[in-house]
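Undergrad: here are the coordinates; sequence isn't available:
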């Protein structure tokens with residue numbers, strides 16, 4: 001059974017050789033775990049034969065991995081896929097280099113509405129990956145896109161969140177108002193308290209529409225302990241006001257459509273790579289974008305039986321994707337044609 005706790009950390013000062021050694025060690029450890037259970041009936045561990053085939057069958061796994069390599073666009077979760085905390089995961093830098101070398105389009109997509117794209121760029125830069133700001137998209141931006149679609153002329157919002165969310169809303173013509181706003185918007189924040197939640201409840205009762213950047217009910221602190229997240233606080237306001245929030249982040253297909261629009265590609269030419277079955281993978285399924293599960297984050301093989309759906313393919317981590325085959329390269333003319341096709345969808 002593959003575990004997300006397998007020797008994955010990489011310090012931000014690691015050399016290329018050290019990174020490759022870590023990736024090789026990580027892959028070998030996963031292979032050892034696979035071999036350990038290779039003679040067992042997968043169902044004995046609650047793992048279906050289908051899921052095992054997606055992970056290690058030499059035909060099905062490799063065929064689908066090859067199909068992923070030939071995609072033109074990649075929507076990529078960050079935590080658990082590219083890094084854990086302040087540590088890069090094995091092969092993450094090589095994966096981004098593979099995307100750039102082969103002229104792929106890619107977007108880092110996160111349910112965390114707190115940071116701005118510039119802050120996310122700076123974080124990856126500290127970890128040794130240098131990409132431009134336009135490669136990042138947050139649930140805060142998705143929320144701002146949605147509100148702009150509802151009120152193109154702009155409006156007012158009461159926000160419980162961090163600067164990344166406020167910045168995205170300001171950018172789309174929305175302004176802060178704690179008296180009679182059009183919307184109450186809840187996002188990631190360490191500043192939730194009784195007073196702010198009470199204010200949100202009262203404003204919703206007075207007619208403001210309730211919006212949540214995402215419905216993740218929990219996250220982890222710096223020590224790996226569970227703490228309540230946006231979805232938990234949203235549920236509190238929903239329960240008291242007897243209303244339902246509209247949420248914009250994963251697993252909503254809405255944020256996936258926005259991501260596709262940013263990439264300028266159709267769903268058939270795009271995949272999503274993530275470590276969570278309940279957000280990343282179901283977001284791909286609901287938007288008909290091939291979902292790739294990596295076991296470098298929170299999901300383990302033994303968790304898959306809890307869900308009524310399967311990913312397109314299962315990888316130990318993004319280190320499996322890079323290779324030197326020239327057929328994975330995308331020409332500028334191919335991208336232009338793909339963009340024209342997508343504009344009609």
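TA: Happy to help now that I have it. What you see is a predicted model, and the numbers here were worked out from it, not measured in a lab. Residues are numbered from 1 along each chain as shown.

Undergrad: out of everything not next to it in sequence, what's closest to the residue nearest the centre of the chain?
TA: The structure's the chain has its C-alpha centroid closest to residue 77; by CA atoms, centre = their mean the separation is 2.8 Å. The spatially closest residue to residue 77, leaving aside those adjacent along the chain, is residue 274, at 3.8 Å (CB to CB, 6 or more residues apart in numbering). Bear in mind the C-beta positions are built from the backbone N, C-alpha and C, glycine included.

Undergrad: Please, where are all the helices along the protein?
TA: Along the chain, the segments classed as helices by DSSP state H run 16-36, 49-56, 60-69, 92-101, 117-126, 139-150, 163-171, 194-205, 230-241, 253-263, 282-286, 332-343.

Undergrad: can you tell me which of these comes nearest to residue 177?
TA: The closest of the helices of the chain to residue 177 is helix 194-205. By CB to CB, the value is 9.2 Å.

Undergrad: Low-confidence bits of this protein, can you list those?
TA: 1-45, 222-224, 343-345 (pLDDT under 70).

Undergrad: Can you give me the domain boundaries for it?
TA: Domains of the chain are assigned by automatic domain parsing as 16-34+44-111+251-284+300-343, 139-247.

Undergrad: Mind putting those into CSV with distance to residue 129?
TA: Putting the domains of the chain into CSV (distance: least, CB to CB, whole Å) gives the following:
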stretch, distance to residue 129
domain 16-34+44-111+251-284+300-343, 5
domain 139-247, 19
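
Undergrad: For residue 125, which of those is the nearest?
TA: When the domains of the chain are compared by CB to CB, domain 16-34+44-111+251-284+300-343 sits nearest residue 125, at 11.7 Å.

Undergrad: how far away is the residue nearest to residue 141 when sequence neighbours are not counted from residue 138?
TA: In this structure, residue 141 finds its nearest non-sequential neighbour in residue 168, 4.7 Å apart by CB to CB, 6+ apart. Distance, residue 168 to residue 138, using CB to CB, to the nearest Å: 7 Å.

Undergrad: Touching both of the two, which residues are there?
TA: Counting by CB atoms under 8 Å, 6 or more residues apart in numbering, the common neighbours of residue 168 and residue 138 are 113, 116.

Undergrad: Looking at those two, which is more packed in?
TA: More neighbours surround residue 138 than the other of residue 168 and residue 138, with 31 against 28 (other CB atoms under 10 Å).

Undergrad: wait, isn't the more buried one in contact with residue 119?
TA: No. Applying CB atoms under 8 Å as the test, residue 138 and residue 119 come out as separate, 9.8 Å apart.

Undergrad: Now the common contact residues for those two.
TA: Common neighbours of residue 138 and residue 119, using CB under 8 Å, 6+ apart, are residue 164.

Undergrad: rewinding a little: quick one: residues contacting the residue nearest to residue 77.
TA: So residue 274 contacts 76-77, 80-81, 250, 280-281, 283-284, 291-294, 297 (CB under 8 Å, 6+ apart).

Undergrad: Likewise for residue 134?
TA: Residue 134 is in contact with 117, 262, counting by CB under 8 Å, 6+ apart.

Undergrad: picking up where we left off before, dump the contacts of residue 274 to CSV, plus distance to residue 163.
TA: CSV is the format used below for the contacts of residue 274 (distance: CB to CB, whole Å):
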residue, distance to residue 163
76, 23
77, 22
80, 24
81, 24
250, 21
280, 25
281, 30
283, 25
284, 29
291, 31
292, 31
293, 32
294, 30
297, 26
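
Undergrad: State the number of residues packed around residue 124.
TA: Per other CB under 10 Å, the neighbour tally for residue 124 reads 21.

Undergrad: just wondering, since we're on the closest residue in space to it that isn't next to it in sequence, how far is it from residue 125?
TA: In this structure, residue 124 finds its nearest non-sequential neighbour in residue 131, 6.4 Å apart by CB to CB, 6+ apart. Applying CB to CB, the value for residue 131 to residue 125 is 8 Å.

Undergrad: Check residue 298 too.
TA: 25 Å.

Undergrad: So which of the two has more stuff around it?
TA: Between residue 298 and residue 125, residue 298 has the larger neighbour count (other CB under 10 Å), namely 16 against 12.

Undergrad: I'd guessed residue 178 sits against residue 157; true?
TA: No. Between residue 178 and residue 157 there is no contact under CB under 8 Å: 9.5 Å.

Undergrad: Neighbour count for the two, which is higher?
TA: Higher neighbour count among residue 178 and residue 157: residue 157, with 26 against 14, using other CB under 10 Å.

Undergrad: Test of understanding: give the bridge partners of the more buried one.
TA: As for beta bridges, residue 157 partners with residue 176, residue 183 under DSSP bridges.

Undergrad: residues contacting it?
TA: With contact set as CB under 8 Å, 6+ apart, residue 157 has these partners: 147, 169, 174-177, 181-185.

Undergrad: Now the buried members of these.
TA: By neighbour count, with 16 or more other CB atoms under 10 Å, the contacts of residue 157 hold 147, 169, 174, 177, 181-185 as buried.
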